[in-house]
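Peer 1: using only what follows, build the 3D model:
(one chain, ligands or ions: 1)
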Amino acid sequence: MPAPGPAGNIARVTIIDAHVHLYPSEANKSPIAWAEARREALWAALCTRKRKDGTPVQGFPSMSELLRDMNAAGIRKAVLLGWYWQHHTTCVEHNNFYASCLKAYPGRFAAFASVHPAAGPAALDEVKRARDLGFSGLGELSPHSQAVPLDDPIWRKILTLAGELKMPVNLHVTDPDSKAYVGRVDTPLNDFLLLAQDFPATNFILAHWGGGLAWAKRALALPNLWFDTAASPLLYGPEVWKKAAPGRVLFGSDYPLALYPKLSARADFTGILREAEAAGAEPAMFADNASQLLGLQ
Ligand SMILES: [Zn+2]
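Peer 2: The predicted model follows:
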């Protein structure tokens, strides 16, 4: 029986969503209190934002709600991305939660680990622990949001280790031309080009179409730069699906962000898939690129 979901080209492939966030049940129950107890003010500012009409920018679904939404849209596998936490202890807690998700549904989830260079050697140990637990990569990290200088020696060791362990690193990118929002952090685009040049053995996935780098010649000249499509409907028009080199793009939704807030306050995968398909996006973006880059079955 074919998977339910949008009709057409994309429905016939096994879809992998390479940019999904999920949180432990204590965080879901009371995100603000959970974040306060962990001094994660930046995450709280971004994830508990409300729009002008008072609706929250995102929900806090449980693992079973995520699986239900995946099934409804024909998503075979979700890559659970960590967060650019401000503290090592939160990274470890989130990684432990994702390890339990991988154990519960190995066929449906892959996971990327969170890490903070300020932990020193413990951050490097956390990368190795994540690899041993079956994690596929690191991210979504953001040195700019985590207040880590790009020349921080531990940050650089983490990136070298990620290359050695074949763990791609997903980095949050803000388009310099995007409008202001609460919690917005500037991420100079040139920084990502420098990182890719300095760490040629490490693959980087630049989130949110790399803030426009996905269609910039100077970025596409670097073979270790990849891009995901997270939050695309909130950031760009549907023309972007045909703008980037299709061999470098991984489909990602940024679930549980509500991507079409005027239509629904609830996150789901179907709208963005319909948009991509109507725009004529290449099927490879929806599974093959991710399974090759991440070594997924
Ligand atoms: Zn992001």
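
Peer 1: what segments of the stretch 151-297 of the chain are helices?
Peer 2: Applying DSSP state H, counting those that start in this stretch to the stretch 151-297 of the chain gives helices spanning 153-164, 189-198, 207-210, 217-220, 232-235, 270-278, 288-294.

Peer 1: which one of these lies closest to the ion?
Peer 2: In terms of CB to the ion, the element of the helices of the stretch 151-297 of the chain nearest to the ion is helix 207-210, at 4.4 Å. C-beta: built from backbone N, CA, C; applies to glycine.

Peer 1: now do A11, the pLDDT please.
Peer 2: pLDDT for A11: 59.

Peer 1: and what of P176?
Peer 2: 87.

Peer 1: same question, G59
Peer 2: 91.

Peer 1: cool, R184 as well?
Peer 2: 87.

Peer 1: grab the nearest non-local neighbour of it.
Peer 2: In space, and not counting its chain neighbours, R184 is closest to T174: 6.2 Å by CB to CB, 6 or more residues apart in numbering.

Peer 1: and that neighbour, how many neighbours?
Peer 2: 20 (other CB atoms under 10 Å).

Peer 1: which residues are in contact with it?
Peer 2: R184, V185, D186, T187, H208, G211 (CB atoms under 8 Å, 6 or more residues apart in numbering).

Peer 1: which one of the residues you listed is nearest to L250?
Peer 2: L250 lies nearest to H208 out of these, by CB to CB, at 11.9 Å.

Peer 1: and the closest one, what is it in contact with?
Peer 2: H172, V173, T174, D175, D228, T229, A230, A231, S232, L235, D254.

Peer 1: least confident of the residues you listed?
Peer 2: Of all those, D175 carries the smallest pLDDT score, 90.

Peer 1: which element follows the strand or helix carrying W43 toward the C-terminus?
Peer 2: Assigned by DSSP states H and E, W43 belongs to helix 41-47. Next along the chain after helix 41-47, taking DSSP H and E as the criterion, comes helix 63-73.

Peer 1: what is that following helix packed up against?
Peer 2: Contacts defined by 3 or more CB pairs under 8 Å, 6 or more residues apart in numbering; DSSP states H and E place helix 63-73 against strand 15-20, strand 75-80, helix 270-278.

Peer 1: out of these, deepest packed?
Peer 2: Most buried of the helices and strands packed on helix 63-73, by mean neighbour count (mean count of other CB atoms under 10 Å): strand 15-20, with a mean of 28.

Peer 1: so what does the very next helix or strand once past it touch, helix or strand wise?
Peer 2: Using DSSP H and E, the helix or strand that follows strand 15-20 in sequence is helix 25-29. Applying 3+ CB pairs under 8 Å, 6+ apart, we find helix 25-29 packed against helix 31-37.

Peer 1: where's the closest residue to the ion within the stretch 51-200 of the chain relative to S30, distance?
Peer 2: Closest to the ion within the stretch 51-200 of the chain is H172: 3.8 Å, counting by CB to the ion. According to CB to CB, to the nearest Å, H172 and S30 sit 25 Å apart.

Peer 1: same check, this time on H116
Peer 2: Going from H116 to S30 by CB to CB gives 23 Å.

Peer 1: give me the more crowded residue out of those two.
Peer 2: Using other CB under 10 Å, the more surrounded residue of H116 and S30 is H116, with 25 against 12.

Peer 1: so who does the more buried one touch?
Peer 2: Counting by CB under 8 Å, 6+ apart, H116 has contacts W85, Q86, H87, H88, C91, A123, Q146, V148.

Peer 1: from W83, how far off is it?
Peer 2: 10 Å.

Peer 1: and for M63?
Peer 2: For M63, the distance to W83 - CB to CB - is 16 Å.

Peer 1: so these two - more neighbours on which side?
Peer 2: Each of M63 and W83 has its neighbours counted (other CB under 10 Å); W83 has more, 24 against 20.

Peer 1: which residues touch that one?
Peer 2: Per CB under 8 Å, 6+ apart, neighbours of W83: H21, W43, T90, H94, S114, E140.

Peer 1: which residue packs closest to A73, ignoring adjacent ones?
Peer 2: A73's closest residue in space is F269 (CB to CB, 6+ apart), at 3.6 Å.

Peer 1: kind regards, and thank you for your time.
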